[in-house]
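Colleague: Next comes the sequence, and after it the predicted model I'd like to discuss.
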Amino acid sequence: MTAALRSIITPTAILRLVLGWGVFIALQFMGSLLAPPVPLPLLVTALIVIIAVILICAFGVVTEAEHLANRLGDPYGSLVLTISICLIEVILIAAVLLGPGDHATIARDSVMAVSMIILGAVVGLCLLVGGLRHGALTHNRTGVSNYLVMIVVFAALAFAVPALIGTPDGAYEIWQEVPIIVVTVGAYAFFLYRQMGPQAHEFTEAAPVGVATASASSTAETMQSASTEAADQADDAPQGIVEILSTHRVEIVVRLVLLVATVLPIVLLSHDMASLLDDGLGRLGAPVALSGVVIAMIVFLPETLTSLRAAWNGEIQRVSNLCHGAQVSTVGLTIPTVLVIGMLTDQPIVLAESPINLALLAITLLVSVIGFSAKKVTAVQGAAHLIIFVVFGLALFA
C-alpha cells in the first residue's frame with residue numbers, strides 16, 4: 001500500500017501542488033499591489049509567473065488523467081478529466097455570479113468562448129496532427145453522433161432560443177427557465193447514463209480495418225482456428241468497470257484527488273489573472289472579450305494537451321471523448337446552474353448570442369457533423385475547423 005502511494009504521490013507531484021497553491025496564496029496577500037492600474041514591470045512579471053505555474057500544473061493534470069484513462073479505459077478515463085474541469089469551471093462562473101457587480105452575460109461569454117475553442121481550435125489541431133501523422137483516422141461514428149446531437153440541442157437552447165422567445169435583451173422569462181433547466185439536466189443525465197452503461201462500447205476506439213473481417217475463402221481449418229482464438233480472447237477479456245473500481249480502489253481514489261487538487265490552482269490562478277489581462281489588454285486597446293478567450297484556453301489547457309497527445313497516438317475516438325464530451329458537459333452543467341443562480345438571486349441571465357457568433361458556431365457544428373459522419377476523418381477537416389476559429393478571433397476585434 002505504502003509503495004503504491006509513493007508511486008502516485010511523487011516528489012514531482014508534490015512540487016506541482018506546492019507551486020500551484022503557493023503562488024495562489026501569495027497572490028491573495030498581494031491583492032492591494034495587483035489592483036489596477038498595476039505598474040507595467042509588476043504586471044508583466046505576475047503574468048509570466050502565473051502562466052508558468054499553470055503550465056507546470058497542466059502537465060501534472062495530463063499525467064494523472066492518462067494514468068486514470070489507462071486504468072479505467074474509455075469512455076470512463078476521458079470522462080474523469082472532462083467532468084473534473086467542467087465542474088470547476090461551473091463553480092468559477094457561479095462564484096463570479098454570486099459576487100458583486102453586474103455579470104448578466106458571464107455565462108454566455110464563457111460558454112461561447114469554450115465552445116469555439118473546443119470545437120474549433122482543439123478539434124482542428126487534433127485532426128490536423130493526427131491526420132498528418134497517421135493519415136485518415138477511423139472513429140466510432142455512433143458515439144461521435146451521440147455527442148454531436150447533444151451539442152446541437154444544447155447550443156440551440158443556450159444561444160439561439162432565448163433570442164426568439166425570451167426577453168428583448170436575450171434572457172429567458174422566469175416561467176421559461178424552469179422547463180429549460182429540467183430538460184437540460186434530464187437530457188445530460190440520460191446521456192451520461194447511456195455513455196457509462198448500455199452504450200459504453202460506442203465510445204471506444206473503432207477496430208482497425210480488416211481485424212473484424214474474415215476472408216470469404218477461409219477453409220474450415222482456418223475458421224476453427226479463428227473460433228479457438230476468439231474463445232481465448234474471451235477468456236482474457238478486459239475487466240468490467242465495477243471490477244476495476246473494486247480491484248484498484250485506492251489507486252483510483254488517490255489519483256482522482258491528486259487530479260482535482262492540481263486542476264484547482266489552474267482555475268483559481270486563471271480567475272486571478274483575469275484582472276491583470278483586462279488591465280494589460282486595455283492598455284493595448286484590445287477588446288475586453290479577448291481576455292475571456294485567453295482565460296478559457298488556459299482553463300482547458302490540461303484537456304487540450306491530453307487531446308493532442310491522443311491525436312499524436314492516433315486515438316481519434318479518445319479525442320472525441322475529450323473534446324466533444326467536454327462541450328456536452330460544459331453546456332449541460334453551466335446553463336442550468338447559472339439559470340438556477342439567476343432565479344435565486346433575481347439576476348437576469350442573458351444567453352442570446354450576437355448574429356456573428358451564432359453564425360460561426362452554426363458553421364462549426366455543420367463542419368463537425370459533415371466531417372464526423374464520414375467513416376474516417378482527415379487533416380483537411382482539421383484545417384477547416386482552424387479556419388473558423390481564426391475567423392472567430394477576427395470577429396472579436398470587429
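Modeller: Ah, there it is. Residues are numbered from 1 along each chain as shown.
Colleague: so where's the stretch 151-300 of the chain uncertain?
Modeller: Flagging of the stretch 151-300 of the chain using pLDDT under 70 yields the residue ranges 207-242, 245-246, 248, 274, 286-289, 291-292.
Colleague: which residues touch residue 21?
Modeller: By Cβ atoms under 8 Å, 6 or more residues apart in numbering, residue 21 lies in contact with residue 265. (Glycine included, C-beta is placed from N, CA and C.)
Colleague: Identify the residues contacting stretch 180-193?
Modeller: For stretch 180-193, using Cβ under 8 Å, 6+ apart, the contacting residues are 146, 150, 153-154, 157, 172, 328-329, 331-333, 335-336, 339-340.
Colleague: list the buried ones in that stretch?
Modeller: Neighbour-count burial for stretch 180-193, counted by 16 or more other Cβ atoms under 10 Å, picks out 180, 181, 184, 185, 187, 188, 191, 192.
Colleague: Could you dump those into CSV and include distance to residue 84 and secondary structure?
Modeller: Compiled in CSV, the buried residues of stretch 180-193 are given as follows (distance: Cβ to Cβ, whole Å; DSSP: H, G, I helix; E, B strand; the rest coil):
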residue, distance to residue 84, secondary structure
180, 26, helix
181, 23, helix
184, 20, helix
185, 19, helix
187, 21, helix
188, 16, helix
191, 18, helix
192, 14, helix
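Colleague: farthest pair in these?
Modeller: Largest separation among the buried residues of stretch 180-193 by Cβ to Cβ: 180 and 192, giving 18.6 Å.
Colleague: Now stretch 269-278: buried residues?
Modeller: Residues 269, 270, 271, 272, 273, 276, 277, 278 are the ones in stretch 269-278 that count as buried (16+ other Cβ under 10 Å).
Colleague: coming back round to it: sitting in helices, which of the contacts of stretch 180-193 do you find?
Modeller: 146, 150, 153-154, 328-329, 331-333, 335-336, 339-340 (DSSP state H).
Colleague: neighbour-wise, which of those residues leads?
Modeller: Counting neighbours by other Cβ atoms under 10 Å, residue 335 leads those with 28 neighbours.
Colleague: So that residue sits against residue 157, correct?
Modeller: Yes - with contacts counted by Cβ atoms under 8 Å, residue 335 reaches residue 157, the gap being 7.0 Å.
Colleague: Relative to residue 172, how far out is the spatially closest residue to residue 332 that is not a sequence neighbour?
Modeller: Among residues not flanking residue 332 along the chain, residue 188 sits closest, at 3.4 Å (Cβ to Cβ, 6 or more residues apart in numbering). Using Cβ to Cβ, to the nearest Å, we find residue 188 at a distance of 18 Å from residue 172.
Colleague: can you list the buried residues of stretch 180-193 in CSV and add distance to residue 13?
Modeller: What follows is these, written out as CSV (distance: Cβ to Cβ, whole Å):
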residue, distance to residue 13
180, 41
181, 38
184, 36
185, 35
187, 37
188, 32
191, 33
192, 29
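Colleague: Between those, which sits nearest residue 350?
Modeller: Nearest to residue 350 among the buried residues of stretch 180-193: residue 180, at 14.1 Å, using Cβ to Cβ.
Colleague: Distance check, that closest one against residue 156.
Modeller: In terms of Cβ to Cβ, residue 180 sits 11 Å off from residue 156.
Colleague: and which of the ones in helices among the contacts of stretch 180-193 is nearest to residue 108?
Modeller: Closest to residue 108 out of the ones in helices among the contacts of stretch 180-193 is residue 335 (9.3 Å), distances taken as Cβ to Cβ.
Colleague: And the pLDDT for that closest one?
Modeller: What the model reports as pLDDT for residue 335 is 89.
Colleague: Equivalent analysis for the one 4 residues further on, please.
Modeller: Note for residue 339: predicted pLDDT of 91.
Colleague: Please give me every residue in contact with it.
Modeller: 172, 177, 180, 181, 349.
Colleague: Now do the contacts for the nearest residue to it once chain neighbours are set aside.
Modeller: Of all residues beyond its chain neighbours, the one nearest residue 339 is residue 177 (4.9 Å), with distances taken as Cβ to Cβ, 6+ apart. Taking Cβ under 8 Å, 6+ apart as the criterion, residue 177 is in contact with 339, 342, 343.
Colleague: could you list every residue that touches residue 270?
Modeller: Contacts of residue 270 by Cβ under 8 Å, 6+ apart are 54, 92, 295, 298, 299.
Colleague: rerun at 7 Å
Modeller: By Cβ atoms under 7 Å, 6 or more residues apart in numbering, residue 270 lies in contact with 54, 295, 298, 299.
Colleague: And for the second one, the neighbour number?
Modeller: If I follow you right, that is residue 295. 21.
Colleague: measure the residue positioned nearest the centre of the chain to residue 374 for me?
Modeller: The residue lying closest to the centre of the chain (Cα atoms, centre = their mean) is residue 326, at 3.2 Å. The gap separating residue 326 from residue 374 is 22 Å, by Cβ to Cβ.
Colleague: circling back to that earlier point, so what's the gap between the helix or strand containing the residue nearest to residue 339 and the chain middle?
Modeller: Assigned by DSSP states H and E, residue 177 belongs to helix 174-196. Helix 174-196 sits 19 Å away from the centroid of its parent chain (Cα atoms, centre = their mean, to the nearest Å).
Colleague: Can you point out the buried residues in stretch 115-122?
Modeller: 115, 116, 117, 118, 119, 120, 121, 122.
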